[in-house]
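Trainee: any chance you could fold what I've pasted below:
(one chain, ligands or ions: 2)
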Amino acid sequence: MEDKSTNRGEDLATSSVVLGKKAINFPDKVKNPEPGSARVIAIVNQKGGVGKTTTTINLGAALAELGRRVLLIDFDSQASMTTGLGIKQLQLREQYGSIWYLLNDPSANINDFILKSNVPGLDFIRGHEDLAAAEAAFVTEIAKEHKLRKMLAPVIENYDDILIDCSPSLGTLTINALTASNGVIIPMECEYFAVLGLSLVKKTIDKIRENTNPELEIYGILATMFERKTGHSRDVLELIAKEFPDELLDTIISRTIRFSESTVKGEPVTTYASSSVGAISYRRLARELISRGGAK
Ligand SMILES: Nc1ncnc2c1ncn2[C@@H]1O[C@H](COP(=O)(O)OP(=O)(O)O)[C@@H](O)[C@H]1O
Ligand SMILES: [Mg+2]
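Mentor: Ligands and ions are numbered 1, 2, ... in the order given. Just a heads-up that it's a prediction; the model follows:
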């Protein structure tokens, strides 16, 4: 006979349980962040629709719930992170106030561009569709890979975690994000073809280590859109676990409509549906990240 708590545990899929290993628990009580400059984390995958933006918003919100000071950067011209945090189309069109403007005007003060979300402690800098043009515009610039890192320098002491929501490409913008970061989280849809794309992400990270940021770490691969019923998700998870045993995170994000709903509402799932499996999973991810050393 199955009791209710077991069922709940099953809803909250984890790599160890799905793969038939011993369940892992991460302590509810986490250590306070170390004082000093923020840990910068790029959320990267060259494939679109894999949960990068959803992870940035909800991991950010979960870290803020733990009392950390968090800044999110919308580094994708689709600006879906900005929309997901409640900024309306009209305001989104304005260049001033966006990351695009900041990158292009060295005299602009980053502090004037920081917005507050509905979650205490969770700040963000909004995106802009013109960011797509940056890919081409930066090509001839000297030290173009370091633009974002320099831009963040004045506020790095004010935060514990800075999360960068990257665009679905491994172009100049993502290279900027990786150059500015201490570590990377790679959200990966539980689909077979997604596994093939992983080696490309890893190659890019190796190049970054060789050229602009030798300290760059991989904090983990996050399996997203997991579907318990199909069996295919489980096969994909097994494959990732085999090829990338150290990188696969124990926390898994299951497929649920709650994420799309919360985007429409313009808030994280952690506030929109606070006790949903999605919210609980991202809170667990925050604690896993801290216990693995990927957040200070
Ligand atoms: N675990 C999930 N289950 C169901 N839908 C999801 C999940 N994660 C994200 N989504 C939805 O899928 C779409 C793509 O997710 P998104 O985070 O924007 O991906 P990316 O930033 O990689 O393009 C969005 O509509 C989002 O609401
Ligand atoms: Mg996105």
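
Trainee: which SS class is the closest residue to Trp100 other than its chain neighbours?
Mentor: Leaving out its chain neighbours, the residue that sits closest to Trp100 by Cβ to Cβ, 6 or more residues apart in numbering is His128, at 4.1 Å. In this view, the C-beta of every residue, glycine as well, is placed from N, C-alpha and C. Assigned state for His128: coil (three-state reduction, DSSP: H, G, I helix; E, B strand; the rest coil).

Trainee: reduced to three states, what does whatever residue of the stretch 101-250 of the chain ends up closest to ligand 2 come out as?
Mentor: Closest to ligand 2 within the stretch 101-250 of the chain is Asp165: 5.9 Å, counting by Cβ to the ion. Of the three states, Asp165 takes strand under three-state DSSP.

Trainee: contact partners for the residue nearest to it when sequence neighbours are not counted?
Mentor: With sequence-adjacent residues excluded and distances taken as Cβ to Cβ, 6+ apart, Asp165 is closest to Thr56, at 3.9 Å. In this structure, Thr56 makes contact with Ile43, Leu72, Met81, Leu163, Ile164, Asp165, judged by Cβ atoms under 8 Å, 6 or more residues apart in numbering.

Trainee: what is the nearest of those residues to ligand 1?
Mentor: Using Cβ to the nearest ligand atom, Asp165 comes nearest to ligand 1 of the contacts of Thr56, at 6.8 Å.

Trainee: from Gly84, how far out is the closest one?
Mentor: Using Cβ to Cβ, to the nearest Å, Asp165 is found at 9 Å from Gly84.

Trainee: anything in contact with each of these two?
Mentor: The overlap between the contact sets of Asp165 and Gly84 (Cβ under 8 Å, 6+ apart) consists of Thr53, Ile57.

Trainee: and for Phe138, the neighbour number?
Mentor: Here the count is done by other Cβ atoms under 10 Å, and Phe138 has 19 residues near it.

Trainee: just checking, it touches Ile175?
Mentor: No - applying Cβ atoms under 8 Å, one finds Phe138 not in contact with Ile175, separated by 9.4 Å.

Trainee: need phi/psi at Glu189.
Mentor: In terms of degrees, to the nearest 10, the main-chain angles of Glu189 are phi -60, psi 140.

Trainee: cool, and Ile186?
Mentor: Main-chain dihedrals, Ile186, degrees, to the nearest 10: phi -110, psi 100.

Trainee: thought it was touching Asn45?
Mentor: Yes - because the distance of 5.5 Å satisfies Cβ under 8 Å, Ile186 is recorded as touching Asn45.

Trainee: shared neighbours of these two, anything?
Mentor: Counting by Cβ under 8 Å, 6+ apart, the residues touching both Ile186 and Asn45 are Val201.

Trainee: any weak-confidence spans in this protein?
Mentor: Screening the chain residue by residue with the criterion pLDDT under 70, one finds the ranges 1-11.

Trainee: which helix is the longest one in it?
Mentor: Within the chain, and with DSSP state H defining each element, the longest helix by residue count is helix 192-211.

Trainee: partners of the helix or strand following that one in the sheet?
Mentor: Stepping forward along the backbone from helix 192-211, the first helix or strand reached (DSSP states H and E) is strand 217-226. Strand pairing for strand 217-226, determined by DSSP bridges: strand 183-189 (parallel), strand 248-254 (parallel).

Trainee: next, format those as CSV and append distance to Lys31 and mean neighbour count.
Mentor: Shown next, in CSV, are the strands paired with strand 217-226 (distance: least, Cβ to Cβ, whole Å; neighbours: other Cβ atoms under 10 Å):
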stretch, distance to Lys31, mean neighbour count
strand 183-189, 18, 25
strand 248-254, 18, 23
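
Trainee: out of the ones you listed, flag the one nearest ligand 1.
Mentor: strand 248-254 (4.5 Å).

Trainee: and the helix or strand following the closest one, C-alpha only, in PDB?
Mentor: If you walk from strand 248-254 toward the C-terminus, the next helix or strand you reach (DSSP H and E) is helix 258-265. Output of helix 258-265 as PDB, limited to C-alpha atoms (Å, rounded to 0.1, in the frame of the first residue of the first chain):
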ATOM      1  CA  ARG A 258       2.000  26.000 -13.700                       C
ATOM      2  CA  PHE A 259       5.100  27.600 -15.300                       C
ATOM      3  CA  SER A 260       3.200  29.000 -18.300                       C
ATOM      4  CA  GLU A 261       0.400  30.200 -16.100                       C
ATOM      5  CA  SER A 262       2.800  32.000 -13.800                       C
ATOM      6  CA  THR A 263       4.500  33.700 -16.800                       C
ATOM      7  CA  VAL A 264       1.100  35.100 -17.900                       C
ATOM      8  CA  LYS A 265       0.700  36.400 -14.300                       C
END
